[in-house]
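**Q** Coordinates for the following, if possible.
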Amino acid sequence: MTIAVTVRHRVAIYGNVSDAVTGRPIEGARVEITQGPQGFSERLALQARAAGKDWPALQERPDRTRTAADGHFHFMDLPAGNYSLAATLAAAGSRYGSAQAQATLTEDARKTVSRAQLELKLPPTTVRGTIKDGQGNPVRFAEVGLRGGPERAVADGVGFFVLSGLEAGKRTFVVSARGFKDLSRTVDVAPGVTSTADFNLQPSPPVV
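**A** Below is the predicted model:
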């Protein structure tokens, strides 16, 4: 006689990955358990041995997953202990930094392991600042763009602007506004960091 056995899987660590500036969910981010208790490490070692040479390239593993369209992720059937997790978005190049989090799972008298919810926020590579004239007055509605790129921003009523999700490196910003000379300046933009760049525009000469 054959007896059917039902295996129940249980979510242990779950949560979401989002943009730290806009709050929007990020799809396709890799969430990885970088450190766990001994029991988890031993389990991983056995599974890695069974998978062989394919193990490093696997996108979905007990210690690795990718976020869904709504930014959600989860890990199943984890033993109790302390865990370290990291989230990255390799497909975006240097447009985002990484995010880390810690989780602790406990076990009760019935051997039921607790759950942990995490919110991982990836810091986008960002440049923010103000645009003013020679007297220190804000230049409203000035346009800031990147030379050779599609990114654009318009300064608000106090001359403030922000450009987010940029490729890191030495980037040339071009600032333009009606009644002022165009201004270009190169800024060294660090990945996953918010840099500040303020611009002072000079009035364009009157048309004779």
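
**Q** buried ones in stretch 133-152?
**A** Asp133, Pro138, Val139, Ala142, Glu143, Val144, Gly145, Leu146, Glu151 (16 or more other C-beta atoms under 10 Å). The C-beta positions use only the backbone N, C-alpha and C, and glycine is treated the same way.

**Q** I meant stretch 15-31, not that one.
**A** Gly15, Asn16, Val17, Ser18, Asp19, Ala20, Val21, Pro25, Ile26, Ala29, Arg30, Val31.

**Q** For the fifth one, list each beta-bridge partner.
**A** Following DSSP bridges, Asp19 is listed with bridge partners Leu122.

**Q** contacting residues for it?
**A** For Asp19, the contacting residues are Pro25, Ile26, Tyr96, Lys121, Leu122, Pro124, Ser164, Gly165, by C-beta atoms under 8 Å, 6 or more residues apart in numbering.

**Q** Drop anything exposed from these.
**A** So, by 16+ other C-beta under 10 Å, the buried ones in these are Pro25, Ile26, Tyr96, Lys121, Leu122, Pro124, Ser164.

**Q** Make sure Ala51 is indeed in a helix.
**A** Yes. Applying DSSP: H, G, I helix; E, B strand; the rest coil, one finds Ala51 inside a helix.

**Q** Give me the neighbour count for it.
**A** Applying other C-beta atoms under 10 Å, we find 13 other residues in the vicinity of Ala51.

**Q** what's the answer for Ser184, then?
**A** Per other C-beta under 10 Å, the neighbour tally for Ser184 reads 12.

**Q** Which secondary structure element is home to it?
**A** strand 183-189 (DSSP states H and E).

**Q** which of the residues in that strand are buried?
**A** Those would be Leu183, Val187, Val189, for strand 183-189 by 16+ other C-beta under 10 Å.
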